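K.L.:
Please work out how this folds:
(2 chains, ligands or ions: 2)
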Amino acid sequence: MLLGDKPKLIAAVSTLLACGSVYGEWGYNLPQGVTEVSRSIYDLHMTIFWICVVIGIVVFGVMFWSMLMHRKSLGAKPAAFHENTLIEVIWTAIPFLILVSMAVPATQTLIKVYDTKESDIDIQITGYQWKWHYKYLADDVGFFSNLSTPKAEIANEEPKGDHYLLEVDEPMVVPVNKKIRFLITANDVIHSWWVPDLAVKKDAIPGFINEAWTKIEEPGIYRGQCAELCGKDHGFMPIVVEAKSEEDYQTWLVAKKEAAAKERELRDKVWTQEELYSRGEKIYNKNCAACHQPNGEGVPPVFPAIKGSEIATGEPQKHIAVVVNGVQGTAMQAFGKQLSEVDIAAVITYQRNAWGNNTGDQVVPMDIVKFNEAGQ
Amino acid sequence: MSAVIDDHTHTADDHHHGPAKGFMRWVLTTNHKDIGTMYLWFSFAMFLTGGLMAMVIRSELFQPGLQIVDPEFFNQMTTLHGLIMVFGAVMPAFVGLANWMVPMMIGAPDMAMPRMNNWSFWILPFAFFILISSLFMEGGAPNFGWTFYAPLSTTYAPPSVTFFILSVHMMGISSIMGAINIIATILNLRAPGMTMMKMPLFVWTWLITAFLLIAVMPVLAGVVTMMLMDIHFGTSFFNAGGGGDPVLFQHVFWFFGHPEVYIMILPAFGAVSAIIPTFSRKPLFGYTSMVYATASIAFLSFIVWAHHMFTVGMPLTGELFFMYATMLIAVPTGVKVFNWVTTMYRGALTFETPMLFAIAFVILFTIGGFSGLMLAIAPSDFQYHDTYFVVAHFHYVLVPGAIFGIYAGIYYWLPKWTGHMYDELLGKTHFWLSFIGMNLAFFPMHFVGLAGMPRRIPDYALQFANFNMISSVGAFLFGATQLLFLFIVIKTIINGKKASAQVWDGAEGLEWTLPSPPPYHTFSTPPDIK
Ligand code: HEM
Ligand SMILES: [Cu+2]
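P.N.:
Ligands and ions are numbered 1, 2, ... in the order given. So this is what the prediction gives:
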């Protein structure tokens, strides 16, 4: 193991030394962030840090003094003292007082963080393996937000972009200077929604709803990641928040609503096999390939293959049932809640015809609607 | 208990009770020295195994992108690395030290329950065989982190989780039996005149640790049993869909988990409290306050567990309580550090390998304490939690804390155990390479954590790349250096210079009144205590 790494290691160290820095900037501290809370947390962090530095200088100072001046090799003769009640009381009391002085601002900040009352906008955040869903509660707008970094960049086949692993297909969009309340939950395992610039980190727990809030002061794009180990692709479920001016936010919201209306129209249109197949391929790669793999071969036994599988080549109704309802107790989710009827029909059509699963079957959006109406 | 002593009135040089020969000696032994030796070798084997996994992790994190392992296997590596290091390396090493040293320090002939002692050890290899073999099972090894949060570890776990539960139960039984044995030994087998307040601090810290173990290992057993029920018997302790609560898992786990982190450090406090006075040639400063500080740390460790859960959505008052309680732990911890520093102050210091490890322990453990204090501040913890800052924190308390404490103890007592001196130059080399490697590996983690890198991810954004590469280089250096330690120990056993009984000129305590190596049975007649 170690030997195998050596040539690479040497190469990397020499690159590191040669050009100083291989990849851009060296982030090394908390961001001050763009909210009142994030700034008070930053100040708290720096205050405690400097207190620790001062204590460290005193304690390590005495230590190094002893190590340098009281060496046996310099002829030091050991003293014999081993107790002093007064000094022990002092060095118990002083740290205690320092702690009290830290607790005061910490408590004030915490109270601020917990004040989720009177929000202007409520957004429900749901963690899924391995993506986020955002639902604007007052506006009937909801969408998934997936990692958009291409697989090829992760596999080192293409150069990595500036926002490698911190970019999504659809960011959460919010207006600045509005109090936004997040209602955070999860669909499967525990996730944690974290954006450092907002200083919001809250666990997303299945079956429970946690609250958090933010009021962003500057328009911009703020990036974060899932912070609780949630399975295989825990490292690949970023968060992007785009803060816009109030007007830009309204424009975005209207466009979103129109897009949703269009989506509903699609349901009733007549689809050709090719249209369904190519739409399905996109849906597959975005939602299914993480587990079942782009080539449909899966990672058995945890993630079964679709290629040649009984379900994808047998009775279509069964195939629909698995995709819509998921498989309890496994990572296979109920996609009925996540994808539109059109997308489900498309992805099933794709799975039944890709990788040599040449069933020739076509599942159309109305099949899914009927399936749902039958209440299965 | 005193009957044991009365039965065997032979003297220390009476050898007709020497060890049996061959492999069966080790299987059947009830001798505290043999069992201590086995614990230590086992622990070292686990340390190398867990270390190898760390090397896999650091190789993958050497550069951004996925190169060496896939994310699924990466998660198995982080999980097994944590479990093996905690339960396989650190805890058995301390039990090994206790087995060797506690009877010799209190003037006892052996442990109070020698046959149980044999059992507590021999369960361990089987427990870890089961755990490690899960790598080869269908669906792979446990992949949910050493903290195994439900429902990732229940509903969504690979099938091997059942074997994981079995192995945790076995480790727990082993620890509880070991702890009972240590308590019984310390309370009942002290030589006449060895009052509690005369016991060396290593004995004191182990006594308190053993109580912690007895208190929390059953809680761990409880939580894995609840998982087992959820997985196989249809209960819903941790499943919200059935009326359970995933957060309950975390409360129960950390009620075990936080005392557990002190189980991994208190005996190191004890070892260091023996070593620093020896090489300062000055008595330990504030013995009494050291005892009380240890006891208060142990007490507080029971009421701070939820500081690992500041982001789960506790009520404000809960956050405040756990924040204040956690901050309080800094007081007794500070007292200990001040006492060690004052012991060194105006001593006559020399810097043999045990002292180097002990000094590094004090400095670097204190740095871990500082980051601990920062983490205790709940609002700041919202930014630090589950990032590499936490990884840096606990590696600073565990590597230069627990591990350096163990190394300090081993170098300090190895001449006593083997009758041979280790090679000082090699020992110092081992120290300095470990020191440099360890800091190179873990210090940059503070920076990437603050800059926003979550823990337990196999790939990361580009702004974390430079520090990660440095961390990996440091980790490889630290890892490789530990093989040197293996060489040093073997060389000591085979051809180290003869050690005197006293070994270190400033050392005090009953163990130094025995020859090096001590006879197979010692203190069959209790020693005189001044
Ligand atoms: C001054 C003393 C200490 C304080 C105030 C302290 C505080 C904390 C806090 C608040 C956390 C949770 C951070 C988070 O997850 O957000 C933490 C994590 C941790 N601490 Fe400490 N700590 C102290 C000493 C120690 C010691 C002595 C050890 C072990 C020898 C230790 C081992 C750990 C471990 C293993 C974790 C991480 C557990 C995990 O999530 O995997 N700490 N500490
Ligand atoms: Cu803790």
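K.L.:
Near the residue lying closest to A:Gly298 once chain neighbours are set aside, how many other residues are there?
P.N.:
What sits nearest to A:Gly298 in space, not counting adjacent residues and going by CB to CB, 6 or more residues apart in numbering or on different chains, is A:Ala305, at 4.0 Å. In this view, the C-beta of every residue, glycine as well, is placed from N, C-alpha and C. Counted with other CB atoms under 10 Å in any protein chain shown, the neighbours of A:Ala305 add up to 16.
K.L.:
now the one 3 residues further on
P.N.:
Burial of A:Gly308 is recorded as 12 neighbouring residues (other CB under 10 Å).
K.L.:
Next up, the contacts around it.
P.N.:
By CB atoms under 8 Å, 6 or more residues apart in numbering or on different chains, the contact list for A:Gly308 reads A:Trp355, A:Gly356, A:Asn357.
K.L.:
Mind pulling up the pLDDT for the last one?
P.N.:
On pLDDT, A:Asn357 comes in at 88.
K.L.:
can you tell me how far B:Ala157 sits from chain A?
P.N.:
10 Å (CB to the nearest CB, to the nearest Å).
K.L.:
Check B:Ile265 too.
P.N.:
18 Å.
K.L.:
Which secondary structure state does the residue positioned nearest the centre of chain B sit in?
P.N.:
Note on chain B: the residue nearest the mean C-alpha position is B:Val90, at 3.0 Å, using CA atoms, centre = their mean. The local conformation at B:Val90, judged by DSSP: H, G, I helix; E, B strand; the rest coil, is helix.
K.L.:
I'd guessed it sits against B:Tyr262; true?
P.N.:
No: between B:Val90 and B:Tyr262 there is no contact under CB atoms under 8 Å: 11.9 Å.
K.L.:
What is the burial count for A:Gly314?
P.N.:
Using other CB under 10 Å: A:Gly314 sits among 12 other residues.
K.L.:
State the pLDDT value of it.
P.N.:
With respect to pLDDT, A:Gly314 has a value of 87.
K.L.:
The one 10 residues further on now?
P.N.:
Per-residue confidence for A:Val324 comes out at a pLDDT of 89.
K.L.:
For my notes, confirm it occurs in a helix.
P.N.:
Yes: A:Val324: assigned to a helix according to three-state DSSP.
K.L.:
of the contacts of A:Gly308, closest to chain B?
P.N.:
Using CB to the nearest CB, A:Trp355 comes nearest to chain B of the contacts of A:Gly308, at 20.6 Å.
K.L.:
Check whether that closest one really touches A:His292, as I assumed.
P.N.:
No: here A:Trp355 does not reach A:His292: they are 10.4 Å apart, not a contact under CB under 8 Å.
K.L.:
For the residue of the stretch 301-450 of chain B found nearest ligand 1, what is the enclosing helix or strand?
P.N.:
Nearest to ligand 1 in the stretch 301-450 of chain B, going by CB to the nearest ligand atom, is B:Gly372, at a distance of 2.6 Å. Following DSSP states H and E, one finds B:Gly372 within helix B:353-376.
K.L.:
State the next helix or strand along the chain beyond that helix.
P.N.:
Using DSSP H and E, the helix or strand that follows helix B:353-376 towards the C-terminus is helix B:378-384.
K.L.:
List of residues touching the helix or strand just after that following helix?
P.N.:
Tracing the chain past helix B:378-384, the next element assigned as helix or strand by DSSP H and E is helix B:388-397. With CB under 8 Å, 6+ apart as the test, helix B:388-397 has contacts from B:261, B:265, B:364-365, B:367-369, B:371-372, B:375, B:384, B:441-443, B:445-446, B:448-450, B:453-455.
K.L.:
Kindly state the domain boundaries assigned to chain A.
P.N.:
Per the TED database, the domain ranges recorded for chain A read A:30-64+A:85-115, A:121-260, A:269-375.
K.L.:
can you tell which of the ones you listed is closest to ligand 1?
P.N.:
Using CB to the nearest ligand atom, the nearest of the domains of chain A to ligand 1 is domain A:121-260, at 9.4 Å.
K.L.:
so how far is that closest one off the chain centroid?
P.N.:
7 Å (CA atoms, centre = their mean, to the nearest Å).
K.L.:
Any idea how far apart the tips of it sit?
P.N.:
By CA to CA, to the nearest Å, the extent of domain A:121-260 from end to end equals 20 Å.
K.L.:
likewise stretch B:103-110?
P.N.:
Start-to-end, stretch B:103-110 (CA to CA) is 6 Å.
K.L.:
How about stretch B:383-390?
P.N.:
End-to-end for stretch B:383-390, by CA to CA: 10 Å.
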